[in-house]
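# Give me the fold of what follows.
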Amino acid sequence: MKGFDQQTLHDLEFNQIREWLAAFSIGDTARKRLEELVPNNDFDAIEFELLRLNEFKRIRVEGESFPALDFEELLAEIKLLPIRNAVLQQEGFVRITRASELANHIIHFFDKRSQDFPNLFALLNQVYFTRELIEAIEKVFDRRGQIKDDASPELFVIRQQIAKLRNQINRNFDKEMRRYLKEGLLGDTKEAFINERRVLTVQSSHKRKIGGMVVGSSKTGSLTFIEPAINIPLNNELEMSLDDERKEIFRILQELTRDIAHHLPLIEAYQSLLTEFDFINSKTKLALDLNANLPGIVRNTRIELIDAFHPILWKTNKSLGKVTLPQSLILDPNNRMLVISGPNAGGKSITLKTIGLLQIMLQAGLLIPVHENSKFCFFQQVLTDIGDNQSIENELSTYSYRLKRMKYFLKIANRRTLLLLDEFGTGSDPELGGALAEVFFEELYNRKSYGVITTHYANIKLKADRLPNAVNGCMLFNTETLEPLYRFSIGQPGSSFTFEVAQMNGIPLDLIEQAKGKLDQNRVKMDHLLNELNREKMYLQRLNNEHIEAQELANAAREEFIEKKKRIDERLRSQQDLAEKNNLFINSGKKMKSFIDRYQTKTRKKDANNPLLEDVRKYLMVEKSKIEEAKRKVELMQQKPQKPTAKKRKTQQPEQDTYQRDKIVVGSTVKMIETKQSGTVEEIKGHLLTVVFGFMRLKVEREKLMWIK
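Predicted coordinates:
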């Protein structure tokens with residue numbers, strides 16, 4: 001496709017992705033498509049492919065019972081069926097049966113899921129559920145793929161004859177073998193098969209004693225293979241019957257082929273459907289293998305990477321047990337040209353390749369290893385200049401090659417172009433090459449192109465700082481341990497840490513100081529300033545991380561304290577309730593013990609314990625009334641508020657009830673409205689009255705009493 005030249009795919013190692021995909025395929029058709037897979041700049045087609053792929057990934061991740069894609073392609077059958085009087089092989093009919101059954105299973109799967117997976121459901125527009133093909137083939141073939149005896153009346157008769165002949169041949173042979181075995185004429189193996197016929201293994205010295213036809217001998221000549229004379233005509237008859245069987249099978253298959261040929265469009269649709277699912281399934285397997293997701297697709301030109309991994313690096317490190325750090329960055333109209341600087345071996349090229357490889361994978365219809373909240377747009381072309389591509393054959397130096405690539409870039413670059421330039425401007429005199437690189441940078445910037453550029457040139461870093469829609473970024477470097485951190489930071493250029501890396505690799509300090517003395521002091525000061533900025537940024541980042549970690553620990557401790565306090569309060573309330581119940585039981589026990597102590601057993605008076613029994617009865621009545629009162633309070637609390645109609649009815653009660661309650665004084669006889677118990681008023685305090693009911697004394701609200709006298 002335009003913009004996705006082979007050099008770009010080679011530079012970004014896209015062929016490795018294609019090899020992984022091809023290894024997941026089932027049939028040759030899908031495998032060939034995957035081996036030749038290229039990015040696409042038809043935006044609508046790409047988006048449709050990605051949505052369809054993401055639906056299939058959902059099916060796999062959510063554990064849906066999608067049919068197993070176990071099939072063989074139907075290319076040979078599709079080629080033969082249009083030919084007049086052509087006959088399919090037995091294996092061809094088996095393949096068609098399996099394809100039809102699998103297609104029916106897939107149709108059944110989407111029968112009630114068409115709304116959940118609309119893009120995959122659209123693949124079924126050329127197929128339909130039918131058992132005509134299966135039933136037609138099953139009339140001829142059994143479950144093992146063998147032709148049935150009753151596939152035709154003629155075949156049934158022929159096979160009965162064949163079975164009868166074989167039984168007779170075997171009976172005759174066994175009889176002859178037993179006879180000659182007793183006579184000691186046979187070798188140790190007794191029998192053998194020659195040209196699918198049972199023959200006797202006879203010692204060569206006795207071969208003239210056996211009637212039959214010699215059909216061969218052993219390598220040493222000590223044994224002779226003889227077909228018994230009694231079986232020769234039977235075997236000849238069997239051969240003719242087998243020939244009749246072959247002819248009848250050919251006729252049956254020819255007739256079945258004519259019947260199947262009417263369904264050629266459906267069989268072609270099976271081939272298309274199953275190979276398309278094979279193609280999608282291979283992509284899905286790679287997505288699951290890479291923990292890949294579908295990012296948000298935006299129409300405006302924007303890339304927002306969140307936790308992005310270079311898939312090849314990630315798999316390599318995973319096999320070695322190493323950790324791969326994710327990358328996060330943004331390219332948008334305000335920051336469309338990103339210049340990355342920093343030390344060698346610090347991860348600049350990997351960051352650049354990560355962006356490029358993920359972009360072409362996405363435009364090839366593949367899910368990519370990023371956080372699902374990432375955002376990607378589509379580019380018309382992705383162009384790369386990565387690595388040393390000098391050519392002895394074409395007499396091209398590295399710099400010549402890069403100039404030719406730059407000429408090509410300047411010819412086609414536009415606002416929908418993504419440029420990936422590694423070690424921009426190298427290969428020539430640093431000052432002259434840097435000046436030319438700056439001019440190229442400005443020209444590509446003016447064309448509104450998007451780009452990621454890695455460089456050590458200070459003038460490119462300064463230019464990125466001055467241009468409004470360009471931005472600097474750097475790969476972080478630990479200035480204390482002199483080791484790269486492989487983490488990207490946006491907003492400021494990075495030092496190349498030339499002298500620090502040299503010191504780390506064992507270059508003597510005096511030589512490093514001599515090198516510093518040969519440089520322009522302003523250049524040394526600038527590099528030192530970048531080092532200091534990097535150190536301060538790392539220090540602030542560490543403080544920020546420590547603050548975040550401390551805050552998380554504090555929040556966790558606070559939540560743990562609240563949870564513990566809640567459990568302790570619940571336990572305390574439970575213990576208090578238990579203590580109150582225990583006190584109640586203790587008091588009741590003490591009271592009952594006092595009754596027991598008062599009970600007189602050594603007396604002749606029948607009524608000696610009557611006062612005690614009366615006190616017991618009063619005590620029980622009081623305790624019972626307390627329990628009932630407590631129950632009534634609970635019931636009143638649980639009752640719903642009365643409806644307005646009920647209030648209205650209450651206000652309409654006869655005025656006589658109010659008048660009678662007002663007549664209640666100390667000494668009046670009253671009745672409980674609810675329980676109908678009668679008692680005498682002993683004391684009045686406001687709306688509470690103390691009433692004696694027999695041996696029980698209770699405090700009752702005036703509204704619950706009725707005056708009697």
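
# Give the residue spans of this protein that score low on pLDDT.
1-3, 344-346, 387-398, 425-431, 477-486, 491-506, 512-542, 639-662, 675, 694-696 (pLDDT under 70).

# Check which helices and strands the longest helix along the chain sits against.
Looking across the chain with DSSP state H, the single longest helix is helix 521-598. Counting contacts by 3 or more CB pairs under 8 Å, 6 or more residues apart in numbering; DSSP states H and E, helix 521-598 is packed against strand 470-478, helix 610-638. (Each C-beta comes from the backbone N, C-alpha and C, glycine too.)

# Would you mark the buried spots in the first one?
In other words, strand 470-478. Judged by neighbour count (16 or more other CB atoms under 10 Å), strand 470-478 contains these buried residues: Ala470, Val471, Asn472, Gly473, Cys474, Met475, Leu476, Phe477.

# Over to the last one?
Within helix 610-638, the residues that qualify as buried are Leu612, Val616, Tyr619, Met621, Ser625, counting by 16+ other CB under 10 Å.

# where along the stretch 251-400 of the chain do the helices fall?
264-289, 311-320, 348-363, 398-412 (DSSP state H, counting those that start in this stretch).

# mind listing what's buried in the first one?
Going back to what we said before, that points to helix 264-289. For helix 264-289, by 16+ other CB under 10 Å, it's 266-267, 269-271, 273-287.

# then stretch 182-198 to PDB, C-alphas only?
Provided in PDB are the C-alpha atoms of stretch 182-198 (Å, rounded to 0.1, in the frame of the first residue of the first chain):
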ATOM      1  CA  LYS A 182       0.700 -82.000  11.100                       C
ATOM      2  CA  GLU A 183       2.900 -83.400   8.200                       C
ATOM      3  CA  GLY A 184       5.700 -81.000   9.200                       C
ATOM      4  CA  LEU A 185       5.900 -79.400   5.800                       C
ATOM      5  CA  LEU A 186       5.500 -75.700   6.900                       C
ATOM      6  CA  GLY A 187       8.100 -73.200   8.100                       C
ATOM      7  CA  ASP A 188       8.000 -71.500  11.500                       C
ATOM      8  CA  THR A 189       5.800 -68.600  10.300                       C
ATOM      9  CA  LYS A 190       3.300 -71.000   8.800                       C
ATOM     10  CA  GLU A 191       1.700 -68.400   6.500                       C
ATOM     11  CA  ALA A 192       2.200 -65.000   4.800                       C
ATOM     12  CA  PHE A 193       0.400 -62.400   2.600                       C
ATOM     13  CA  ILE A 194       1.500 -62.000  -1.000                       C
ATOM     14  CA  ASN A 195      -0.400 -59.600  -3.200                       C
ATOM     15  CA  GLU A 196      -3.100 -59.500  -0.500                       C
ATOM     16  CA  ARG A 197      -3.600 -63.300  -0.700                       C
ATOM     17  CA  ARG A 198      -3.000 -65.700   2.200                       C
END
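
# So what touches that stretch?
169-170, 173, 177, 180-181, 199-203, 206, 209-210, 215-216, 222-223, 225, 227, 231, 235 (CB atoms under 8 Å, 6 or more residues apart in numbering).

# can we see that at 7 Å?
173, 177, 180-181, 199-203, 206, 209-210, 215-216, 223, 225, 227, 235 (CB atoms under 7 Å, 6 or more residues apart in numbering).

# cool, stretch 366-376 as well?
53-54, 57, 283, 286-287, 290-298, 302-309, 311, 314, 358, 361-362.

# Tyr457 against Ala435, yeah?
No. Counting by CB atoms under 7 Å, Tyr457 does not reach Ala435; the two are 9.3 Å apart.

# out of those two, which sits in the busier spot?
Shown here are Tyr457 and Ala435; by other CB atoms under 10 Å, Tyr457 has more neighbours (24 against 13).

# which element is the nearest residue to that one once chain neighbours are set aside on?
Leaving aside its sequence neighbours, Tyr457 sits nearest to Gly434 (CB to CB, 6 or more residues apart in numbering; 4.4 Å). Using DSSP states H and E, Gly434 sits in helix 430-446.

# If you count neighbours, what's buried in that helix?
The neighbour-count check on helix 430-446 (16+ other CB under 10 Å) flags Gly433, Gly434, Leu436, Ala437, Glu438, Phe440, Phe441, Leu444, Tyr445 as buried.

# Out of these, the closest to Ser489 would be?
Phe441 (21.1 Å; CB to CB).
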